[in-house]
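Enquirer: model this:
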Amino acid sequence: MLPELTLSLQFSGVAKPDKHRAALPRHAVKKWIRHALQSDAEITVRIVDAEEGQTLNREYRKKDYATNVLTFDYTQEPVVSADLVLCAPVVAAEAKEQKKTLQAHYAHLIVHGTLHAQGWDHELDEDAQVMELRETEIMARLGFKNPY
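Expert: Now for the predicted structure:
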């Protein structure tokens, strides 16, 4: 049985939000997250523009550019509590560059962020290999190709 999930899905200042909303139907986002969870969770997924993405990355990671996904994890037990912030223009550009559908790339980044929210990390090569394998397994169960 998959863990319970309370999901808030938000779109903030995204230019041409329709294509992003179409790629992120609520039921699909919930399914992607639940497949990556090991316990019940309360997660907000926020889709933002480049300006907000860059501001958050600069303030919290000291990196002055918009990145694809930021994970703000607050608790891991007894309930995972986190915000996943995805930068719509970065995700769209990467999907095009990697020749993936927008939906497949969002699914991967949401799975990736959900794993981060539970303490998964990829700073060390060994950890990165383990995390990538886990992501690949989850994506396959969801019907997506290997994201790497």
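
Enquirer: Now residue 103, what are its backbone angles?
Expert: phi -60, psi -40 (degrees, to the nearest 10).

Enquirer: can you pull the contacts of it?
Expert: Applying CB atoms under 8 Å, 6 or more residues apart in numbering to residue 103 gives the contacts 23-24, 28. For the C-beta atoms, the positions are set from N, CA and C on the backbone; glycine is no exception.

Enquirer: any idea how far it is from residue 145?
Expert: Distance, residue 103 to residue 145, using CB to CB, to the nearest Å: 12 Å.

Enquirer: just residue 87 next, same as before
Expert: Distance from residue 87 to residue 145, by CB to CB: 23 Å.

Enquirer: Also residue 69?
Expert: Distance from residue 69 to residue 145, by CB to CB: 19 Å.

Enquirer: Same question for residue 73.
Expert: Here residue 73 is placed at a distance of 27 Å from residue 145 (CB to CB).

Enquirer: One more: residue 9?
Expert: Distance from residue 9 to residue 145, counting by CB to CB: 24 Å.

Enquirer: separation between the residue nearest the centre of the chain and residue 64?
Expert: Nearest to the geometric centre of the chain sits residue 110, at 2.2 Å (CA atoms, centre = their mean). Noted for residue 110: a distance of 25 Å to residue 64, by CB to CB.

Enquirer: follow-up on the earlier one: which of residue 9 and residue 145 has more neighbours?
Expert: residue 9 (15 against 12; other CB atoms under 10 Å).

Enquirer: Contact partners for residue 119?
Expert: 73, 76.

Enquirer: That one: what secondary structure?
Expert: Using DSSP: H, G, I helix; E, B strand; the rest coil, the structure places residue 119 in coil.

Enquirer: just residue 8 next, same as before
Expert: State at residue 8, reduced to three classes by three-state DSSP: strand.

Enquirer: I am assuming it contacts residue 47, so please confirm or correct that.
Expert: No: the pair residue 8 and residue 47 does not pass the contact test of CB atoms under 8 Å, sitting 11.6 Å apart.

Enquirer: neighbour-wise, which of these two wins?
Expert: Using other CB under 10 Å as the criterion, residue 8 and residue 47 rank with residue 47 on top: 24 against 10.
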